[in-house]
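*Asks:* Coordinates only, no sequence provided:
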């Protein structure tokens, strides 16, 4: 993006490199410094491997051949570059078959580039700088980066998933519960459908030309409630790609309003059961399109981040105050000292009215950040946040613990006080399935130690969309044309797929909670976290060595609650919002009850002998409200309050569950 600051006047001794105007004439480089006199070469880099921006018109090409297995860092973050805005791409495969290996835009100070990647002995890596932001000359270095410590558990294996456009999205596109990988161009949607037995079936869908391509961000959600996810492209404005009734074709709608888009989200802003479209605006107040449920979207600007000169980068919709409505945090970036770089929290009063309250929560200061990772890092039932630095100009990373009415800075001693990596992407997921949320961002993965401290581990994947792309219960990461498959470990897991009825179709904004021997864990259904990418809409829980789950609870945006008692582990559970009772449907039950609704006595029948066995009754909040022995096929429920419940009985056939109503 356009430079707003300078970074110094010192010059470096460097080697000029000529005849690098196209891939075929790429200049060999080794460890050292090199001068790019101007970015005016005849072959612009493609595909785009860096985080931001659109297609360039010129490029400068170099090639590095590794003499041994190591980690290489390409950097233009140097004092002599005077704030030149650079972007770099790294490829393997040769000029005829360029495949993205790494890339960077804006990870360095003042919009310079820092790109760190692993190399293998004997392999050549093509390095291309482009003029997307600037054609001015600059100096860059090639250096060997310090080796990171090995991971304590697990690692990742690279699997090629060829892409031709912008690979931003890992989400279920055919409604089978499995995550798929998506890349797009202005006239094509390519879906790599995950196959049940492993691997992908790749299908291309031609579209009418999109006025906007998602060179800043992309998000997804079922905007029209037809059962298939639609795509939102965020560039110089918003384009929608709406899936048809079978998910086999897409209709393009581009809105006329100019927006310097940054993070985009699909979210039900007014909680009417229909997903709306939100976009951060870099140079003006934020914008959103409210959905009336009939494919009509009305444009609004203001009320959700009104800083006149923008600085709005990383929006994320979360329930920070546990009041069952959706709030929004914005990670801001516009240079230290600018009001446009003060982070914001927009609190929902439950009626769709939002008030900016970050100052009262200890969340305001001058900070350069493009995204924030929100999750319950200490498993105490509320959301904490890691606000990741994109540059240390305005301060470092901030780990903030949610203490109910305010947030406390617990960065000192957390590991983030010593973590020097910066980037525009920070997200949190449980990558090792130990029951504690880890953080990916800043060029590294930080493993949660379970006590609000983190340890940096060696992990191959950089940032990208996240989901389970081989259905093994461990989260994978896509980087361009490569999927880094998580090799996993012995830990158990659960995935939850939410289907809303009164709420929006994906249950975006729902709070999902499980209780096991490890304790309670919470997740939220979100469309668009981090800065740029769209990750899975399935919620994912690691269970460590726990061999069972007591209860799964979904708090829907509508106010309904679903409860599944003792869901099977190492599986994907689909929970559909139940309008009649607010209790989830639990398939495959042989236990029956009558009458239903009941008043004082509940009678049991079924294929199992249950007399003399202990029964538990769980309310819609997931609390056990009655434990009693079944006598003569009946259970006394006279003491229960009117409402919806789940009955649980352990029989010779295993755990039996059924829902019932008490009048």
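*Replies:* It's in. The structure presented is a predicted model; accordingly, all values stated were derived computationally and were not measured.

*Asks:* In the stretch 151-300 of the chain, where is pLDDT below threshold?
*Replies:* Within the stretch 151-300 of the chain, the segments meeting pLDDT under 70 span 151-154.

*Asks:* Now do the same contact list for residue 503.
*Replies:* Remark: with contacts taken as Cβ atoms under 8 Å, 6 or more residues apart in numbering, residue 503 is in contact with 268, 273, 509-510, 556-558, 560, 577. (Glycine included, C-beta is placed from N, CA and C.)

*Asks:* Kindly report the same for residue 163.
*Replies:* Contacts of residue 163 (Cβ under 8 Å, 6+ apart): 47, 100, 183, 190, 480-481.

*Asks:* Mark which of those residues are part of strands, please.
*Replies:* Where the contacts of residue 163 overlap with strands, as defined by DSSP state E, the overlap consists of 100, 183, 190.

*Asks:* Mind giving me the PyMOL select for those residues, buried ones only?
*Replies:* The following PyMOL selection, which keeps only the buried ones among the ones in strands among the contacts of residue 163, applies the criterion 16 or more other Cβ atoms under 10 Å:
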select buried, resi 100+183+190
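
*Asks:* related to what we said a few turns ago, got the contacts of residue 503 as a markdown table, with distance to residue 468 columns?
*Replies:* Below are the contacts of residue 503 laid out as a markdown table (distance: Cβ to Cβ, whole Å):
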| residue | distance to residue 468 |
| --- | --- |
| 268 | 25 |
| 273 | 28 |
| 509 | 22 |
| 510 | 19 |
| 556 | 23 |
| 557 | 24 |
| 558 | 27 |
| 560 | 27 |
| 577 | 23 |
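
*Asks:* tell me which of those is nearest to residue 625?
*Replies:* residue 560 (18.4 Å; Cβ to Cβ).

*Asks:* Hmm, that closest one is touching residue 575, no?
*Replies:* No: Residue 560 is beyond contact range of residue 575, at 11.0 Å (criterion: Cβ atoms under 8 Å).

*Asks:* Show me the shaky parts of the stretch 301-450 of the chain.
*Replies:* Scanning the stretch 301-450 of the chain for pLDDT under 70 picks out 335-336.

*Asks:* hey, where'd the strands end up in the stretch 551-663 of the chain?
*Replies:* 561-565, 572-576, 591-594, 601-606, 614-619, 624-629, 634-636, 643-651, 654-662 (DSSP state E, counting those that start in this stretch).

*Asks:* Over to the stretch 51-200 of the chain?
*Replies:* Counting by DSSP E, counting those that start in this stretch, the segments of the stretch 51-200 of the chain that form strands are 59-65, 70-75, 87-92, 99-105, 114-119, 124-130, 136-144, 156-160, 166-171, 180-185, 188-194, 200-206.

*Asks:* ok, for residue 77, nearest residue in space, not its chain neighbours?
*Replies:* Distances taken as Cβ to Cβ, 6 or more residues apart in numbering place residue 108 nearest to residue 77, at 3.1 Å, with adjacent residues excluded.

*Asks:* on that earlier part again, ok, the contacts of residue 163 vs residue 295, which is closest?
*Replies:* Closest to residue 295 out of the contacts of residue 163 is residue 190 (24.6 Å), distances taken as Cβ to Cβ.

*Asks:* these two touch, right, the closest one and residue 166?
*Replies:* No: using Cβ under 8 Å, residue 190 makes no contact with residue 166, being 10.3 Å away.

*Asks:* so what sits against both of those two?
*Replies:* Jointly contacting residue 190 and residue 166 under the rule Cβ under 8 Å, 6+ apart are 183-184.

*Asks:* can you put the contacts of residue 503 in CSV and add distance to residue 24 and neighbour count?
*Replies:* As requested, the contacts of residue 503 are arranged in CSV below (distance: Cβ to Cβ, whole Å; neighbours: other Cβ atoms under 10 Å):
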residue, distance to residue 24, neighbour count
268, 51, 25
273, 56, 17
509, 51, 28
510, 53, 28
556, 57, 25
557, 55, 25
558, 59, 21
560, 62, 23
577, 57, 24
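
*Asks:* Among those residues, which pair sits farthest apart?
*Replies:* 268 and 560, at 14.0 Å, using Cβ to Cβ across these.

*Asks:* Strands of the stretch 401-550 of the chain, residue ranges please.
*Replies:* Using DSSP E, counting those that start in this stretch, the strands assigned to the stretch 401-550 of the chain run over residues 407-409, 426-429, 438-441, 444-448, 454-457, 466-467, 476-479, 482-486, 492-499, 511-516, 519-524, 539-544, 549-555.

*Asks:* Let's have these in CSV, adding distance to residue 28 and mean neighbour count.
*Replies:* Conversion of the strands of the stretch 401-550 of the chain to CSV gives the following (distance: least, Cβ to Cβ, whole Å; neighbours: other Cβ atoms under 10 Å):
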stretch, distance to residue 28, mean neighbour count
strand 407-409, 47, 16
strand 426-429, 35, 26
strand 438-441, 33, 27
strand 444-448, 29, 23
strand 454-457, 33, 20
strand 466-467, 36, 27
strand 476-479, 25, 26
strand 482-486, 25, 24
strand 492-499, 46, 22
strand 511-516, 52, 22
strand 519-524, 48, 20
strand 539-544, 44, 24
strand 549-555, 56, 23
